[in-house]
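Enquirer: Would you be able to build a 3D model of this:
(4 chains)
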2 protein chains.
Amino acid sequence: MGPQSPRPRSSALSSLEGVRRPVGINDVAARAGVSPGTVSNVLNRPERVAEPTRLRVEAAIRDLDYVRNSSGRSLRSGRSDSVGLLVLDITNPFFTEVARGVEDVATEAGLALVLLNSAEQQSRQQRSLRLLAEQRAAGAVVMPVDGATADLLWLRRQGVPWVLLDRGDVGADTGCSVAVDNRAGGLAAGRHLVNLGHERITFLSGPAEMEQCRTRLAGLRDAAVEAGLDPDAAVRVIRTDRLNAESGEKAVEEILAGGPRRRPGAVFCTNDQLALGVLKGLGERGLNAPADLSVVGYDDVGFAALVHPGLTTVAQPKYELGRAAMRLLLSELNDADHRHERLRFAPELVVRGSTAARRD
Amino acid sequence: MGPQSPRPRSSALSSLEGVRRPVGINDVAARAGVSPGTVSNVLNRPERVAEPTRLRVEAAIRDLDYVRNSSGRSLRSGRSDSVGLLVLDITNPFFTEVARGVEDVATEAGLALVLLNSAEQQSRQQRSLRLLAEQRAAGAVVMPVDGATADLLWLRRQGVPWVLLDRGDVGADTGCSVAVDNRAGGLAAGRHLVNLGHERITFLSGPAEMEQCRTRLAGLRDAAVEAGLDPDAAVRVIRTDRLNAESGEKAVEEILAGGPRRRPGAVFCTNDQLALGVLKGLGERGLNAPADLSVVGYDDVGFAALVHPGLTTVAQPKYELGRAAMRLLLSELNDADHRHERLRFAPELVVRGSTAARRD
DNA sequence: GGCGGCTGTTGACACGATTTAATGGACCTG
DNA sequence: CAGGTCCATTAAATCGTGTCAACAGCCGCC
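Expert: The predicted structure follows:
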């Protein structure tokens, strides 16, 4: 034992440096003249402790500026009070609206939100899920990259429940999910264009493996069939590898290829960013919507209303989506009789200036 | 004592239900035939343990699918391995780019990011900071609401260091800060407009108490003085209460008030969202930039390049800002000889189509 | 062969909060 | 007054990890 080995626990001499030994529940107990257990009761079940005692403890808490230590707390309980939010791309406005919804509900429930960004990479997603397991997170709201089902099931086996957001299912009945009806969205956009007289429509899709893209396309084709058109002739598909404005801009070339005769009257993009990119690409070629091409987007991000002409788009209740997901997670955490639920929201077509009747 | 009271700790019967007792460092130790301390060494200082032992332990870890418990970890160490990121508005693209930078560096360093959104409310910020204190967060990157200095100092007294982002100082030499030189940004925008011949410029500001707004305005006035103009005559200020597109749109009325004689030739907005709102408001009145009014924004968010005409704006290195802030925080956490630093980035004017020479 | 030095491993405790069974005291009742 | 009930409080055990002094075993050296 060195000379200073049993460091003086309760010395007050540290007021000189700014670094004070953190005050714990024991210090509070000592100051209030009660046992640590009573302090814990004051914090967690105040009704069990007599009024005068409670007041004394509360005074001690204030005097010492006591802040409880959540490590100790969650070590004992086996659960931490934070929930994960795993998104595919923090910078996408769709996700940030969702995040706001999740955050609001989590905050109301006193839970901290751990933000994880997979950037659409499976390896990063895997790291993120492991982190949640290590933290013994109370739960997670997850927008997984495609085909990473096994990792999710692993996480649940580790005792961390999740709610799937904006993705269908992960096979079995393994958890709640919240999404918007993509087929209905595609259908609404399709009907709108068909009603305007368009018979040649290009669908600007993302990567082939994304379920949303395929389903929205299916809805679009439904609309063509409804109108008595041959969907294979009426709908042409162009794929991009990323869902951003740049890809949309580059795709304009291909959309317009084939000369005026084969040129589509309308393009339906699987994402507003793509659509805005298309609008920009048109502008650069001296063309514009809707005169030369009707353009429809998807999501209704804030900027869709700001461009000129305003972007016609399929709105998703993004904020509500986030709130609902977090609420389902809370239900799974708190309700003993929780049953997994598949919540489906209805999208809504917002008609602005970027679409118009066929002119040729 | 009920019949089942001392639950069987090591029974293997739980393979039926999906809920297994979480496996801890002790189980690993037992399986590998070593002491828990050795397992801990394998995890934290592998070089101290002999190769064969290490391999045996690593095998046990894999076999049991052991996941370490960060509550126990950080209870012991007094520090958790998460850092907070407090932003004013998650949905603002400026913040999300910053967040991406912070997130990337934090992830590299193996730290988890706790996302906190003050929504510009002091009460929410206070709750957030308390949460970080409770978590014994390793540190935080903070964009505080104005005038909440005391809470920040309190957090540091609680042992949680922070880096200030996009805000000057908090009085004394209390921590690092990262920001962009707002005066230089205002100056660059101002010079650009003055060089185009504009002599009546409106500054569209946010709330009066925001330091950024005041400093950018000062830069703009500097430019006027440089050009031999009386800044009080040349620059008019209009305030909005929120920094969003809606406010910009509403402000158009006021900007144009006073008839063509007194109408300004240019408007410099303290934020791209405001500027985009102005562009929209102009469009709705049948006017447009730059023919009727030159418009300059600030931030260079992704959408600034997508509108037509493209928005001339003062670009901030958002992603780099986030990275730098997190790096300074890491330095404060790891380097014994850390000195607080004030990092200032240079903004850059990006000229697009929304500004043009004076025409009247 | 005894001794010092070195390496690898162990055992026990500390971290801070929660929980449970036990305790003490006040009050009531027959 | 003995016995019982109820309430407020306490002491001790516990959660999973990290740390550190102590120790065992081994090698080499004189």
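Enquirer: what's around the residue lying closest to A:Gly185 once chain neighbours are set aside, how many residues?
Expert: Nearest non-adjacent residue to A:Gly185, counting by CB to CB, 6 or more residues apart in numbering or on different chains: A:Pro347, 3.8 Å away. Heads up, the C-betas are built off the backbone N, CA and C, glycines and all. By other CB atoms under 10 Å in any protein chain shown, the residues close to A:Pro347 number 25.
Enquirer: Name the residues linked to A:Glu348 by a beta bridge.
Expert: A:Glu348 forms beta bridges with A:Ala315, as assigned by DSSP bridges.
Enquirer: Quick check: it touching A:Lys318?
Expert: No. Counting by CB atoms under 8 Å, A:Glu348 does not reach A:Lys318; the two are 11.8 Å apart.
Enquirer: Which one's more surrounded, these two?
Expert: Neighbour count, other CB under 10 Å: between A:Glu348 and A:Lys318, A:Lys318 has more, with 24 against 15.
Enquirer: all helices for chain A, in order.
Expert: Secondary structure of chain A (DSSP state H): helices located at A:25-32, A:36-44, A:51-64, A:70-77, A:93-108, A:122-134, A:149-157, A:182-195, A:211-226, A:231-234, A:245-256, A:259-262, A:272-284, A:318-334.
Enquirer: residues from the stretch 1-150 of chain A in reach of chain B?
Expert: Counting by CB under 8 Å from any CB of the partner chain, the positions of the stretch 1-150 of chain A adjacent to chain B are A:18-20, A:22, A:67-72, A:74-75, A:78, A:80, A:82, A:85, A:90-91, A:93, A:96-97, A:99-100, A:103, A:107, A:112-117, A:124, A:127, A:130-131, A:133-136.
Enquirer: From A:Gly72, how far out is the spatially closest residue to A:Leu164 that is not a sequence neighbour?
Expert: What sits nearest to A:Leu164 in space, not counting adjacent residues and going by CB to CB, 6+ apart, is A:Ser177, at 3.8 Å. Between A:Ser177 and A:Gly72 the computed distance is 35 Å (CB to CB, to the nearest Å).
Enquirer: Between the two, point out the one with more neighbours.
Expert: The residue with more neighbours, out of A:Ser177 and A:Gly72, is A:Ser177; 22 against 16, by other CB under 10 Å.
Enquirer: Mind listing the residues bridging to the more buried one?
Expert: Beta-bridge partners, per DSSP bridges, of A:Ser177: A:Leu164, A:Arg342.
Enquirer: pLDDT value on A:Arg261, please?
Expert: Here the pLDDT value assigned to A:Arg261 is 68.
Enquirer: and what of A:Asp335?
Expert: On the pLDDT scale, A:Asp335 is placed at 89.
Enquirer: okay, now it: neighbour count?
Expert: The tally of other residues near A:Asp335 (other CB under 10 Å) stands at 9.
Enquirer: Report the contact partners of the residue nearest to A:Gly185.
Expert: Residues in contact with A:Pro347 (CB atoms under 8 Å, 6 or more residues apart in numbering or on different chains) are A:180-182, A:184-185, A:188, A:314-316.
Enquirer: which residues are there in the stretch 251-360 of chain A that come within reach of chain B?
Expert: Within the stretch 251-360 of chain A, the positions lying close to chain B (CB under 8 Å from any CB) are A:276-277, A:279-280, A:283, A:288, A:302-303, A:305-308.
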